[in-house]
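>>> next one to model:
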Amino acid sequence: MAKGRRHTPEQIVSLLQRIDMETASGKKTSKACYEAGISEPTYYRWYKEYGGLDADQAARMNALLRENEDLKRMLDRAQRARKERPDTCRS
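The predicted structure is shown next:
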């Protein structure tokens with residue numbers, strides 16, 4: 001499977017707004033997506049995730065998601081370390 005381009009949340013919001021304006025003026029969604037360089041399923045997936053957000057809100061959401069992943073990873077490491085350590089406190 002070919003690896004696609006990565007877009008920042010700000011770029012995604014900008015593309016979504018541009019496609020929305022073009023479809024509001026009568027252009028078909030498929031044609032607007034083609035001209036923007038994305039597939040129609042990608043547009044709908046992005047719209048579901050980022051639709052209605054401003055660029056700064058999308059960036060903040062992305063930062064919070066990354067922070068959440070980091071916290072989950074830290075918790076997982078701590079739990080594994082606790083399981084591997086012998087329990088010397090029990091009587």
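>>> the longest helix anywhere in the chain packs against which elements?
Assignment by DSSP state H gives helix 55-84 as the longest helix of the chain. Counting contacts by 3 or more CB pairs under 8 Å, 6 or more residues apart in numbering; DSSP states H and E, helix 55-84 packs against helix 9-24. For every residue, glycine as well, the C-beta is placed using N, CA and C.
>>> how far away from the center of its chain is the helix it packs on?
16 Å (CA atoms, centre = their mean, to the nearest Å).
>>> what sits against Gly51?
Gly51 makes contact with Leu16 under the criterion CB atoms under 8 Å, 6 or more residues apart in numbering.
>>> pLDDT wise, what is it at?
pLDDT, Gly51: 83.
>>> tell me the buried residues in stretch 9-29?
For stretch 9-29, burial by neighbour count (16 or more other CB atoms under 10 Å) applies to 9, 12-13, 15-16, 19, 22-23.
>>> which non-adjacent residue is nearest the residue positioned nearest the centre of the chain?
Geometric centre of the chain, nearest residue: Asn62, 6.2 Å, by CA atoms, centre = their mean. Sequence neighbours aside, Pro9 is the residue nearest to Asn62 in space, at 4.7 Å (criterion: CB to CB, 6 or more residues apart in numbering).
>>> give the contact list for that neighbour.
Pro9 sits next to 50, 53, 55, 58-59, 61-62 when contact means CB under 8 Å, 6+ apart.
>>> sorry, back to before: off-centre distance for the longest helix of the chain?
Here helix 55-84 is found 14 Å from its chain centre; the criterion is CA atoms, centre = their mean.
>>> pLDDT of it, averaged?
On average, helix 55-84 scores 90.
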